[in-house]
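Chemist: A structural model of the following input is requested.
(one chain, ligands or ions: 1)
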Amino acid sequence: MTHMKIPLSAPDISSAEIEAVVEVLRSSRLSLGPKLEEFEHAVAIYTGAPNAIGVSSGTAGLHLCMLAFGIRPGDEIILPSFTFVAAANAIRYVGANPVFVDIDPVTLNIDAERAEAAITNKTKAIVAVHTFGYPADMDALLTIARRHGLLLIEDACEAIGAEFRGQKVGALGDAGVFAFYPNKQITTGEGGMIVTRDSAFAKKIRTLRNQGRYETDEWFQHSELGFNYRLSEVHCALGIAQMRRIESMLMARETVARAYHQLLDNCADVVLPPTSVPHGRVSWFAYVIRLHERFTRGQRDSVLKHFASAEIGCGRYFAPIHMQPSYEAWRHSCFLPVTESVSERTLALPFFNKLAQTDVQRICDVLLEACAL
Ligand SMILES: Cc1ncc(COP(=O)(O)O)c(C=O)c1O
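Modeler: Residues are numbered from 1 along each chain as shown. Presented below is the predicted three-dimensional model:
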């Protein structure tokens, strides 16, 4: 990746994280040790979910959810297209069919009414993605899921710490998945965590992530077909140290979001992300603005180029899944006008805990300059 003077994202690693990782390296216990349990416990306590299972990535977590819930070839799973490709891929890994529905133009989360309209007799689950750390409308989605006997899986990969009616996302549906890639609110380098209230489901996930071994199995005994989706002690040590200061990191992110808001609030060229949501708490993952509707996709791409030439990291969040080459077979059956219109005009601005106010000012100056070209 090209070096940027101001990157799009940056992890927040303090000496506590470095010391925690070194301590594990010195211990010589690098996998399946006490740090995994401690990290899982920290996430369980934080989210209020009785069970948390560490896995090697958010994608691995979503894949295991599909398997452990018995999603099979021919099943349909409803999800938004305006998100990262991982959830749709996880559905395809088990031979099921992702059914894409449109989003709400303000929160950019799945439109619950459209989700209900997409239900057929093959539908088994809805994936509620808490996009950019904005809690999805869990009241409406849980009601729909219960009414139709469907599972509700939360893709909370971008949303650790977000809340809906005072409860942490991830722990509201049948299962939730977090991800810890370095651009996330907390990072383990690579990593993920599944949370659930269902202990039998949690046990199944623990078996599947460890080559199909029951916890009571002998070494080299594999009772089921499983995977190596384990999370090492090194990753977990990093995660524990990050969890210890998650609230201060979320506050730092909120401060950066407010700084952007203050500088761009009166700018007629852009639509800003809402600073709050009804019944919820945003956990700021990214700062994604939209150019005004009079801007074309080509003009948005010129703004991106302008940022690149100023050596400022800036991204298209998201190119919708149904428009990806690997989803060409799905494209013809999708009618997603809000998704397509929004995704043509989005820009993710640099966003990380230690982004200086002077850099925020510079980014906003470059943005306004680019919009005026
Ligand atoms: C919404 C969403 N789902 C799933 C994932 C997948 O997580 P990972 O990259 O850890 O596999 C991500 C991470 O980028 C994401 O943003």
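
Chemist: In which helix or strand does Leu263 reside?
Modeler: helix 246-264 (DSSP states H and E).

Chemist: Need the phi and psi values for the residue lying closest to Glu163 once chain neighbours are set aside.
Modeler: Counting by Cβ to Cβ, 6 or more residues apart in numbering, Arg281 is the residue found nearest to Glu163 once chain neighbours are left out, at 3.9 Å. Every residue, glycine included, has its C-beta placed from N, CA and C. Here is the backbone geometry of Arg281 (degrees, to the nearest 10): phi -120, psi 130.

Chemist: Outside of the helix holding Leu263 itself, list whatever touches it.
Modeler: If you take Cβ atoms under 8 Å, 6 or more residues apart in numbering as the criterion, helix 246-264 is touched by 12, 46, 160-161, 185-186, 242, 270, 272-273, 275, 282-284, 287, 289, 349, 351-355, 357, 360-361, 363-364, 367.

Chemist: picking that back up, quick one: contacts for the residue nearest to Glu163?
Modeler: Taking Cβ under 8 Å, 6+ apart, we find Arg281 in contact with Pro135, Gly161, Ala162, Glu163.

Chemist: need the residues of the stretch 1-150 of the chain near the ligand, please.
Modeler: Applying Cβ under 6 Å from any ligand atom, we find that the stretch 1-150 of the chain lies next to the ligand at Ser57, Gly58, Thr59, Thr83, Phe84, Ala86, Ala87, Val129.

Chemist: Can you give me the pLDDT of the residue in the chain that the ligand sits nearest to?
Modeler: Ranked by Cβ to the nearest ligand atom, the top residue of the chain for proximity to the ligand is Gly58, at 2.5 Å. According to the prediction, Gly58 has pLDDT 98.

Chemist: Could you report the neighbour count for the residue lying closest to it once chain neighbours are set aside?
Modeler: Excluding its sequence neighbours, the residue lying closest to Gly58 (Cβ to Cβ, 6+ apart) is Ala179, at 2.7 Å. Ala179: 29 surrounding residues under other Cβ atoms under 10 Å.

Chemist: Ala179 reaches Gly133, doesn't it?
Modeler: No. The criterion here is Cβ atoms under 8 Å, and Ala179 misses it with Gly133 at 12.0 Å.

Chemist: Name the residues contacting each of the two.
Modeler: Common neighbours of Ala179 and Gly133, counting by Cβ under 8 Å, 6+ apart, are Glu158.

Chemist: Show me what from the stretch 251-373 of the chain comes close to the ligand.
Modeler: Counting by Cβ under 6 Å from any ligand atom, the stretch 251-373 of the chain has no residue next to the ligand.

Chemist: 8 Å instead?
Modeler: Contact residues, the stretch 251-373 of the chain versus the ligand (Cβ under 8 Å from any ligand atom): Phe285.

Chemist: So Asp301 belongs to a helix, correct?
Modeler: Yes. Counting by DSSP: H, G, I helix; E, B strand; the rest coil, Asp301 is part of a helix.

Chemist: Look up how far Asn353 lies from it.
Modeler: Applying Cβ to Cβ, to the nearest Å, the value for Asp301 to Asn353 is 29 Å.

Chemist: between the two, which one's more packed in?
Modeler: Neighbours per residue (other Cβ under 10 Å) separate Asp301 from Asn353, with Asn353 holding more: 19 against 13.

Chemist: List the contacts of that one.
Modeler: Residues in contact with Asn353 (Cβ under 8 Å, 6+ apart) are Ala10, Asp12, Met249, Ala252, Arg253, Val256.

Chemist: just to revisit the earlier point, what separates the residue nearest to Glu163 from Gly48, distance-wise?
Modeler: Counting by Cβ to Cβ, the gap from Arg281 to Gly48 is 14 Å.

Chemist: Likewise for Met66?
Modeler: The gap separating Met66 from Gly48 is 24 Å, by Cβ to Cβ.

Chemist: Name the residue in these two with the higher neighbour count.
Modeler: Per other Cβ under 10 Å, whichever of Met66 and Gly48 has more neighbours is Met66, with 25 against 15.

Chemist: what helix or strand does the more buried one sit in?
Modeler: Here Met66 is assigned to helix 58-68, by DSSP H and E.

Chemist: just Ala90 next, same as before
Modeler: helix 86-93.

Chemist: could you say what helices and strands that helix packs with?
Modeler: Contacts defined by 3 or more Cβ pairs under 8 Å, 6 or more residues apart in numbering; DSSP states H and E place helix 86-93 against helix 58-68, strand 76-80, strand 97-101, strand 123-129.

Chemist: okay, the last one in PDB with CA atoms only?
Modeler: What follows is strand 123-129, C-alpha atoms only, in PDB (Å, rounded to 0.1, in the frame of the first residue of the first chain):
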ATOM      1  CA  THR A 123     -35.300 -18.100   4.400                       C
ATOM      2  CA  LYS A 124     -33.500 -19.300   7.600                       C
ATOM      3  CA  ALA A 125     -31.800 -16.200   9.000                       C
ATOM      4  CA  ILE A 126     -31.300 -12.500   8.800                       C
ATOM      5  CA  VAL A 127     -27.800 -11.000   9.200                       C
ATOM      6  CA  ALA A 128     -28.100  -7.600  11.000                       C
ATOM      7  CA  VAL A 129     -24.900  -5.700  10.200                       C
END
